[in-house]
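Trainee: Compute the structure for the input listed below.
(chains A and B)
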There are 2 protein chains.
Amino acid sequence: MTLNHKRIEEAYNLINKKIIKTPLVSNDYINNLLNSEIYFKLENLQSTGSFKLRGATHKILKSLNDISENGVVAYSSGNHAQAVAFSASQNNLSAKIIMPKTAPQIKIENTKKYGAEVILYDTYFQSREEIGNEIQKKDNRALIKPYDDEDIIAGQGTAAIEIVNDLKEQSIEPDLYLCCCGGGGLIAGTSTYLKHIYPNIRSYSVEPNEFDDTKRSLEAGKIIENKKNAKSFCDALLAPQPGNITFQINSNNLEGGLSVSDEEVTKTIILLAEQLKIVVEPGGAVAAAAVLNNKIDIKNKKIIVMISGGNIDLSLFNKL
Amino acid sequence: MTLNHKRIEEAYNLINKKIIKTPLVSNDYINNLLNSEIYFKLENLQSTGSFKLRGATHKILKSLNDISENGVVAYSSGNHAQAVAFSASQNNLSAKIIMPKTAPQIKIENTKKYGAEVILYDTYFQSREEIGNEIQKKDNRALIKPYDDEDIIAGQGTAAIEIVNDLKEQSIEPDLYLCCCGGGGLIAGTSTYLKHIYPNIRSYSVEPNEFDDTKRSLEAGKIIENKKNAKSFCDALLAPQPGNITFQINSNNLEGGLSVSDEEVTKTIILLAEQLKIVVEPGGAVAAAAVLNNKIDIKNKKIIVMISGGNIDLSLFNKL
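Mentor: Presented below is the predicted three-dimensional model:
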């Protein structure tokens, strides 16, 4: 069965006692500033600090019978790492996680804290996929992919079920949906569910300027990689190219892609702290940065904006 | 009619479209650390950044027919100021707000941003009550008191209705309730409603060490003032003594009082940013500081912890 709203609902039935139902909030100051109604989904308040717990928990719970006693392995820039480590420990499974040496300290420390063995690799000279596949075979561990897996995508999509429930309670019909995009799992899952409920909603991916592979791939109608020397401090959104499965779904669901600069993200993180009183990591703030910097016409519209994570080193947060 | 759960429910019917239904969240890391189940009520995510909007909105909406075209006046260390200014502007009323010269910049600026005229006074040499009463008479403005008013207390109490709804949805029966206490309005209102629903719940006020007037007043059975030279960076909790109405209610509802040091509050603000991804002001973090610093036995218990506000200057937040 290909990914559809039913699989997302099944995923939610499986995981909803294991995750936090995160809030959807609106802020009068920001609404007045932008002359629109913005509804922020606060996945930074999710357990482990990001939406990634939804997909990881779904994959692990669904595969429990197939996972050997040797446990799981995953590669991740940090949020999927924490999610897999946490969910593995909840299910008494051993976890080995491959993370970049340059990942934020908070992400590496939390992954260890949840009991996983962390293997650091050099993003320039080593391939995380190769290390992961090697460990998978040698250790006989189940590989929990970060995004290009329908169970992961269905898990991430469950955030949209909560969004819809909260909007319906307030009788709100949204016009637009903006969501960050790295490998594309979160936006693939959530846009699928939102499109099912709101057939006319227009959904857009948001990426860092130099990591706008999904935007350019959507325009070209085929998968395009980012440049090798691309740079951004949005550490969660540096996937080299869209996933095969996620791109196929996103091609169907999305109107197009937007992108923002690191400077625009920095200002957004500060505004979200001052106005919403929340701590957001760079990758988690790009969709909010897009609406705050007029990347798309939102006047008099109702917009869902995904805030995907909050795992930022406080030293960096302070520097901003 | 004296304050009871019905008045709090009536208040909620009047204000619930004007405020944010704030989330109640739990965090696995903190729960494991403390061997208990903590439910944090995030009133820092409330519009204007604190619970004060509940009471101010209730008072203003309920008194609309009695407020002259000259508008309202209020005195406040900052959170009530923003709440009155915001609610007044929503109702097209002029607002004059008396605030300490030493109030956090963010509170003064936001109060002005919401359209109020701000009058700064010197806390050592001037009395805010005298200035307020003078303006009330001279300008014929309605005085919106910060806490010692049953309509204000009923408004603040509405936070407990949301707490109860969220706990019931998860079939959780709480053992303890910890809430910050300045003048005592928030804890008076919320503890009244919680006691009605959970007759066996044990509620405690939490104050800064040198501003433990409610704690000592509860012990003495009469209102006791703080020392004139008392100091704390919890700017929202520096009321000189319990209110007459709030103390009467709190004497009935509370088991006793707890207190915490500024250093304990500082560590708590950092932990709440790292773990819950939220920005909390010093006064808003004291109840969390009490559970994190073993001020009361919470082992294997279910505890509601109020996070009351998030209006902290980001420069101070960074310094911490």
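
Trainee: show me the residues around the residue nearest to A:Asn27 when sequence neighbours are not counted that make contact.
Mentor: Of all residues not flanking A:Asn27 in the chain, A:Gln275 sits nearest, at 5.4 Å (Cβ to Cβ, 6 or more residues apart in numbering or on different chains). No exception for glycine: its C-beta is placed from N, CA and C like everyone else's. For A:Gln275, the contacting residues are A:27, A:29-30, by Cβ atoms under 8 Å, 6 or more residues apart in numbering or on different chains.

Trainee: would you turn these into a markdown table with neighbour count?
Mentor: Listed next are the contacts of A:Gln275 as a markdown table, based on neighbours: other Cβ atoms under 10 Å in any protein chain shown:
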| residue | neighbour count |
| --- | --- |
| A:Asn27 | 21 |
| A:Tyr29 | 18 |
| A:Ile30 | 20 |
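
Trainee: Among these, show me the least confident.
Mentor: In terms of pLDDT, A:Tyr29 ranks lowest among these, with 87.

Trainee: Quick one: mean pLDDT over the helix or strand that contains A:Ala288.
Mentor: For A:Ala288, the element it lies in under DSSP states H and E is helix A:286-292. Averaged over helix A:286-292, pLDDT sits at 98.

Trainee: Now do it: distance to the chain's middle.
Mentor: Relative to its chain's centre, helix A:286-292 lies at 15 Å (Cα atoms, centre = their mean, to the nearest Å).

Trainee: Tell me if I'm right that A:Ile201 and A:Leu194 touch.
Mentor: Yes. Here A:Ile201 reaches A:Leu194: they are 5.4 Å apart, a contact under Cβ atoms under 8 Å.

Trainee: what about the helix holding A:Ala288 and chain B, touching?
Mentor: No. Interface with chain B: helix A:286-292 contributes nothing (Cβ under 8 Å from any Cβ of the partner chain), its closest point being 14.1 Å away.

Trainee: Apart from its chain neighbours, what residue comes closest to the residue of the stretch 1-150 of chain A found nearest chain B?
Mentor: Using Cβ to the nearest Cβ, the single residue of the stretch 1-150 of chain A nearest to chain B is A:Pro23, 4.0 Å away. Distances taken as Cβ to Cβ, 6+ apart place B:Pro23 nearest to A:Pro23, at 4.0 Å, with adjacent residues excluded.

Trainee: who's in contact with that neighbour?
Mentor: So B:Pro23 contacts A:22-23, A:42, A:45, B:41-42, B:45, B:166 (Cβ under 8 Å, 6+ apart).

Trainee: any idea how far it lies from B:Phe125?
Mentor: Plainly put, B:Pro23 is 42 Å away from B:Phe125 if you go by Cβ to Cβ, to the nearest Å.

Trainee: What are the structural domain limits within chain A?
Mentor: The record's domain parsing of chain A by automatic domain parsing lists A:5-50+A:150-319, A:53-143.

Trainee: what's near enough to touch the residue of the stretch 151-300 of chain A found nearest chain B?
Mentor: At 3.2 Å from chain B, A:Lys277 is the closest residue in the stretch 151-300 of chain A, using Cβ to the nearest Cβ. Applying Cβ under 8 Å, 6+ apart to A:Lys277 gives the contacts B:44-45, B:49, B:278-280, B:310.

Trainee: Reformat the contacts of B:Pro23 as CSV; add secondary structure and distance to B:Asn16.
Mentor: Compiled in CSV, the contacts of B:Pro23 are given as follows (DSSP: H, G, I helix; E, B strand; the rest coil; distance: Cβ to Cβ, whole Å):
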residue, secondary structure, distance to B:Asn16
A:Thr22, coil, 21
A:Pro23, coil, 16
A:Leu42, strand, 20
A:Leu45, helix, 22
B:Lys41, strand, 16
B:Leu42, strand, 17
B:Leu45, helix, 16
B:Asp166, helix, 14
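
Trainee: Going by distance to B:Ser315, which of these wins?
Mentor: Proximity of these to B:Ser315 (Cβ to Cβ) peaks at B:Leu45, which lies at 21.4 Å.

Trainee: Now that closest one: closest residue in space that isn't a chain neighbour?
Mentor: Leaving aside its sequence neighbours, B:Leu45 sits nearest to B:Thr22 (Cβ to Cβ, 6+ apart; 5.0 Å).

Trainee: contacting residues for the one you found?
Mentor: Contact partners of B:Thr22, counting by Cβ under 8 Å, 6+ apart, are A:23, B:41-43, B:45-46, B:159, B:162.

Trainee: hmm, try it at 6 Å
Mentor: B:42-43, B:45-46 (Cβ atoms under 6 Å, 6 or more residues apart in numbering or on different chains).

Trainee: returning to what we had before: among the domains of chain A, which comes closest to B:Asp213?
Mentor: domain A:5-50+A:150-319 (27.3 Å).

Trainee: quick revisit: phi first, then psi, for the residue of the stretch 151-300 of chain A closest to chain B.
Mentor: Note on A:Lys277: backbone dihedrals following degrees, to the nearest 10 are phi 60, psi 40.

Trainee: burial measure for the nearest residue to it once chain neighbours are set aside, as a count.
Mentor: Distances taken as Cβ to Cβ, 6+ apart put B:Gly310 closest to A:Lys277, at 3.2 Å, once the chain neighbours are dropped. Residues lying near B:Gly310 (other Cβ atoms under 10 Å in any protein chain shown) number 30.

Trainee: if I read this right, A:Gln105 contacts A:Asp313, doesn't it?
Mentor: Yes. The pair formed by A:Gln105 and A:Asp313 meets the contact definition of Cβ atoms under 6 Å, at 5.3 Å.

Trainee: neighbour-wise, which of these two wins?
Mentor: Higher neighbour count among A:Gln105 and A:Asp313: A:Asp313, with 17 against 12, using other Cβ under 10 Å.

Trainee: Tell me how far that one lies from A:Gly78.
Mentor: Separation of A:Asp313 from A:Gly78 (Cβ to Cβ): 11 Å.

Trainee: A:Leu167 too?
Mentor: Using Cβ to Cβ, we find A:Leu167 at a distance of 30 Å from A:Gly78.

Trainee: can you tell if the helix or strand A:Val305 falls within touches chain B?
Mentor: If you go by DSSP H and E, A:Val305 is part of strand A:302-307. No. Strand A:302-307 lies apart from chain B when judged by Cβ under 6 Å from any Cβ of the partner chain; the minimum separation is 9.3 Å.

Trainee: what about that strand, distance to the chain center?
Mentor: Distance of strand A:302-307 from the chain centroid (Cα atoms, centre = their mean) equals 14 Å.
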